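K.L.:
After the sequence you'll find the predicted model.
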Amino acid sequence: MADFVAAIDQGTTSTRCMIFDHSGREIGRHQLEHQQILPRAGWVEHDPVEIWERTATVIKSALNKTDLTAGDLAALGITNQRETTLVWNRRTGRPYYNAIVWQDTRTDRIAAALDRDGRGEVIRRKAGLPPATYFSGGKLQWMLENVDGLRRDAENGDAIFGTPDSWVLWNLTGGTRGGVHAIDVTNASRTMLMNLETLDWDDELLSFFDIPRQMLPEIRPSSYPPAYGTTVDDGPASGQVPITAILGDQQAAMVGQVCLNAGEAKNTYGTGNFLLLNTGEKMVRSKNGLLTTVCYQFAAKDGTPAKPVYALEGSIAVTGSAVQWLRDQLGIISGAAQSEALARQVEDNGGVYFVPAFSGLFAPYWRSDARGAIVGLSRYNTNAHLARATLEAICYQSRDVVEAMEADSGVHLEVLKVDGGITANDLCMQIQADVLGVDVVKPVVAETTALGAAYAAGLAVGFWDGPADLRANWQEDKRWTPQWSEQQREAAYAGWRKAVQRTLDWVEVG
């Protein structure tokens, strides 16, 4: 058998290809950012052609850097930004419109209308999701209503829909020359269109958005031994590699953190924050503003799907992207790493709270009428206080989700496993431990999203035998222990809750 497994991680701000060995150690990677297109306030788009070109480049470059070929890869896994919505022509391969990104809020009136007339309760029951701008169904409806010729082509079978995993898979497997049009169950569970119990597209849900069923990709298990398809000889891998796994990025991180048992949780710090709790084969209906979602579904060697494993998820829209905002829009730091040095110039936030509700507030509030606010300012405050308040906002939003998760599940968090880019920020992780009052632990391989996709792909072909192999690979790199007193913790959190209230009812929604 080949000695390595590769993963494509198509994220919100960049695309990377990473290659791992049997011990889960990174052998090589290449990563490229792509453009963030912001046509209007609240609109966020990506260029699908750019995303595919970046994907092709990072695969070629990762293989070149490591002197490997397609023959050295046992399998390839894909993980991706979820909910981001693409539509393209199956005959020409051309997108009809830019990808509408998960952060985009243009569908707020569609979401509000769903809740007004009772359809929202059906979506909550069947899909496990609240009607919100976050998910794909409303974005696809908007495209069908606003892009010339799209509905006609959708109804005659030429226009097809997918999230970024589907787009990358279709192109890798030949595109207009027989590319595979499929999606895995975790990504499908984020559309508002899939029934969590049947794991299939639901005709009633499709009718709410007036979406032709023939647009939709085939839903398959996350780890799929028969393979979704193989890369084509003249593609970026320059050879045939079986593509045996697809997982939405946060579910992939659960696999990468080996949170495979009920009660295990992780928090990923990326563009946004995503805290997931494995609830096993039991679907837990949230009463506290969380999402019920598919965590993963593996398949037997003959392709027979196992029972799905579910999760509770708290999705936070703006965390790492708030640090980007300090860099790109305000210009007070030159790079993400500088946010820590600047924030360390002060001992506390100086009374300043920053609620980065740029896309409204996601879990557990689900308020699309909220907008970002910086409160508590006085002439005493400096850019260092704002940098510190930005890091604190990441941690307070995570506490909001942890409290909701404990209320829903009855599971008290004993330790929080963390991963993602911001875990390199020691100060932020220390603040997280202080705000939560529990230890925060980072593994040696912090890029667990790509690792999880590699694990799922490798399990499908027997590269790893099972969960025991994966657990043996997990190693602790760093641990942060709370230093605040309980009184300090509660006073600071009370200030945060007060700041959140100042962001509400800022814009009119449908």
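P.N.:
Received, thanks. In this text the structure is predicted, and so the values were computed from the model without any measurement.
K.L.:
quick one: low-confidence parts of the chain?
P.N.:
Applying pLDDT under 70 to the chain flags the ranges 1, 510.
K.L.:
Which residues are in contact with S223?
P.N.:
Applying C-beta atoms under 8 Å, 6 or more residues apart in numbering to S223 gives the contacts T244, A245, Y296, Q297, F298, A299, A456, A457, L459, A460. C-beta: built from backbone N, CA, C; applies to glycine.
K.L.:
try R82
P.N.:
With contact taken as C-beta under 8 Å, 6+ apart, R82 is in contact with W102, T163, T186, N187, R190, G248, D249, Q250.
K.L.:
picking up where we left off before, including distance to L144, could the contacts of S223 go into TSV?
P.N.:
Below are those laid out as TSV (distance: C-beta to C-beta, whole Å):
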residue	distance to L144
T244	32
A245	30
Y296	30
Q297	29
F298	34
A299	32
A456	32
A457	33
L459	37
A460	35
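K.L.:
And the furthest pair within the residues you listed?
P.N.:
Comparing all pairs in the contacts of S223 by C-beta to C-beta, the longest separation belongs to Q297 and A457, at 14.3 Å.
K.L.:
more neighbours, these two?
P.N.:
Legend: neighbour count by other C-beta atoms under 10 Å for Q297 and A457, higher for A457 (34 against 24).
K.L.:
Mind telling me what element the more buried one is part of?
P.N.:
Take DSSP states H and E as the rule and A457 turns out to sit in helix 448-460.
K.L.:
mind listing what's buried in stretch 199-213?
P.N.:
For stretch 199-213, a neighbour-count test (16 or more other C-beta atoms under 10 Å) marks L199, W201, D202, L205, L206, F208, F209, I211, P212 as buried.
K.L.:
go on, stretch 127-138?
P.N.:
In stretch 127-138, counting by 16+ other C-beta under 10 Å, buried: A127, G128, L129, P130, P131, A132, T133, Y134, F135, S136, G137, G138.
K.L.:
Surely the second one touches C295?
P.N.:
Looking back up the chat, that one is G128. No: contact criterion C-beta atoms under 8 Å: G128 and C295 do not qualify, at 11.7 Å.
K.L.:
And for K478, the neighbour number?
P.N.:
By the criterion of other C-beta under 10 Å, K478 has 15 neighbours.
K.L.:
Now it: closest residue in space that isn't a chain neighbour?
P.N.:
Of all residues not flanking K478 in the chain, K442 sits nearest, at 4.8 Å (C-beta to C-beta, 6 or more residues apart in numbering).
K.L.:
Need the residues that contact the helix or strand that contains that neighbour.
P.N.:
Element membership of K442, judged by DSSP H and E, is strand 439-443. For strand 439-443, contacts defined as C-beta under 8 Å, 6+ apart pick out 257, 415-419, 423, 429, 432-433, 474-482.
K.L.:
how about a cut-off of 10 Å?
P.N.:
Residues from elsewhere that reach strand 439-443 (C-beta atoms under 10 Å, 6 or more residues apart in numbering): 24, 256-258, 266-267, 269, 395, 398, 413-420, 423-424, 428-434, 448, 451, 473-482.
K.L.:
Scan this structure for its longest helix.
P.N.:
For the chain, the longest helix by residue count, based on DSSP state H, is helix 383-409.
K.L.:
now that helix against strand 439-443, angle please.
P.N.:
100 degrees (axes from the mean of the first three to the mean of the last three C-alpha atoms, to 10 degrees).
K.L.:
Beyond helix 383-409, next helix or strand please.
P.N.:
Downstream of helix 383-409, the next assigned helix or strand under DSSP H and E is strand 415-419.
K.L.:
Could you tell me which residues within that next one count as buried?
P.N.:
Residues of strand 415-419 classed as buried by neighbour count (16+ other C-beta under 10 Å): L416, K417, V418, D419.
K.L.:
Bridged to the third one, which residues?
P.N.:
The reference is to V418. V418 has these beta-bridge partners by DSSP bridges: N267.
K.L.:
list the contacts for it?
P.N.:
By C-beta under 10 Å, 6+ apart, V418 lies in contact with 253, 257, 266-269, 273, 275, 398, 428-429, 432-433, 440-443, 446, 448, 478, 480.
K.L.:
Paired strands for the strand holding K442, with orientation please.
P.N.:
Strand pairing for strand 439-443, using DSSP bridges, gives strand 415-419 (parallel), strand 476-480 (antiparallel).
K.L.:
Would you check that G248 makes contact with S189?
P.N.:
Yes: taking C-beta atoms under 10 Å as the definition, G248 is a contact partner of S189 at 8.1 Å.
K.L.:
Now list whatever residues contact both of the two.
P.N.:
Shared contacts of G248 and S189 (C-beta under 10 Å, 6+ apart): R82, I183, T293, V294, C295.
K.L.:
Which members of those residues occur in strands, if any?
P.N.:
Cross-referencing these against strands under DSSP state E gives I183, T293, V294, C295.
K.L.:
now, which of the residues you listed sits nearest M405?
P.N.:
T293 (12.8 Å).
K.L.:
what sits against the closest one?
P.N.:
By C-beta under 10 Å, 6+ apart, T293 lies in contact with 82, 127-129, 185-186, 189-190, 196, 248, 250-251, 276, 279, 283, 310-313, 315.
K.L.:
Those residues in strands, which ones?
P.N.:
Secondary structure from DSSP E places G248, L276, T279, Y310, A311, L312, E313, S315 of these in strands.
K.L.:
which of those residues has the most neighbours?
P.N.:
G248 (32 neighbours).
K.L.:
Tell me how far that one lies from G331.
P.N.:
Separation of G248 from G331 (C-beta to C-beta, to the nearest Å): 33 Å.
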